[in-house]
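A.B. asks: A structural model of the following input is requested.
(one chain, ligands or ions: 2)
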Amino acid sequence: MATRIVQFDNVRKHYQMGPVTVEALRGVSFGIEAGDYISIMGPSGCGKSTLLNLLGCLDRPTSGRFLLGEEDVSQMDDDALSAVRGARLGFVFQSYNLIQQLSVVENIEVPLYYQGRPEDESRERARELAARVGLESRMEHKPFELSGGQQQRVAIARALVNDPLVILADEPTGNLDSTSGAEILNLFDDLNQQGKTLIMVTHDTSVAKHSRRSIRLRDGHLESDVRH
Ligand SMILES: Nc1ncnc2c1ncn2[C@@H]1O[C@H](COP(=O)(O)OP(=O)(O)OP(=O)(O)O)[C@@H](O)[C@H]1O
Ligand SMILES: [Mg+2]
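C.D. replies: Numbers count the residues shown, from 1 in each chain. Ligands and ions are numbered 1, 2, ... in the order given. Purely as a prediction, here's the structure:
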């Protein structure tokens, strides 16, 4: 029996816009087991990014319960949430979000730096991960000296560096041509086969085919949850 690492119980997220309340998530419940690979799909505005932001502890639900690992993170304050993010989560964004002044290996080290790990150990770990994503010959390059696909590999290595419980990706191939996009998806497939838990937002059904399970949202509700 796989370990449950995410539990959402009747999670709602409302945004207050002056007098108007936007109900972005209207009571969403599901669980995720370690080792799963999930795509979150649905039309624009249905709540995908809102859901990913909650999963990523970047924001709190308006109501409902969210367990990450053993911990109830639903009502944590900002400092506690940020500690959870640093220790337990890895992020991959559509636009890579690398630091332009830092080299590949330095970018990968950033999360360890924030955790106050010893420098030698961090450098060694970052070099290992750069090699794992196929960038052994690009360690000292800056992001602007890399292709989009290579930059996304750096972001993936950075997301892996603190051995997170889950990796969250928002349209990870959205800015890439189809060849580089396919390479990134192959890398995700490898990581999942090695036991990593992945959650990815995508609007592209051919991208979602790589996942094992698709959660589809519509208008803030969970419309379907299909394993394939
Ligand atoms: N910070 C915010 N303040 C107010 N309303 C918001 C905020 N973020 C999202 N919303 C609203 O919540 C709803 C869900 O937005 P969300 O960004 O989660 O959709 P999405 O599924 O990610 O869409 P897309 O595919 O276009 O990225 C939308 O109606 C949006 O306008
Ligand atoms: Mg979105």
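A.B. asks: so where's the chain uncertain?
C.D. replies: Residues of the chain that meet the criterion pLDDT under 70 lie in 1.
A.B. asks: in it, which helix is the longest?
C.D. replies: With residue count as the measure and DSSP state H as the assignment, the chain has helix 178-193 as its longest helix.
A.B. asks: ok, T197 touching D36?
C.D. replies: Yes - in this structure, T197 is within contact of D36 by Cβ atoms under 8 Å, at 5.7 Å. Glycine gets a C-beta too; all of them are placed from N, C-alpha and C.
A.B. asks: give me the element the residue most central in space within the chain is part of.
C.D. replies: Per Cα atoms, centre = their mean, the C-alpha nearest to the average position across the chain is that of L168, at 1.1 Å. In the assignment (DSSP states H and E), L168 maps to strand 166-170.
A.B. asks: return the set of buried residues in that strand.
C.D. replies: Under the neighbour-count criterion of 16 or more other Cβ atoms under 10 Å, strand 166-170 has 166-170 buried.
A.B. asks: which other helices and strands contact it?
C.D. replies: On a contact count with 3 or more Cβ pairs under 8 Å, 6 or more residues apart in numbering; DSSP states H and E, strand 166-170 meets helix 48-55, strand 89-93, helix 148-160, strand 198-201.
A.B. asks: so which of those is nearest ligand 2?
C.D. replies: Checking those against ligand 2 by Cβ to the ion gives helix 48-55 as the closest, at 3.1 Å.
A.B. asks: please name every helix or strand in contact with the next helix or strand after that closest one.
C.D. replies: Using DSSP H and E, the helix or strand that follows helix 48-55 in sequence is strand 63-68. Secondary structure elements in contact with strand 63-68, counted by 3+ Cβ pairs under 8 Å, 6+ apart, are strand 4-17, strand 20-33.
A.B. asks: is any part of the first one close to ligand 1?
C.D. replies: In other words, strand 4-17. Yes - with Cβ under 6 Å from any ligand atom as the threshold, strand 4-17 lies in contact with ligand 1, specifically through 15, 17.
A.B. asks: likewise for the last one?
C.D. replies: Yes - contact between strand 20-33 and ligand 1, assessed by Cβ under 6 Å from any ligand atom, occurs at 22, 24.
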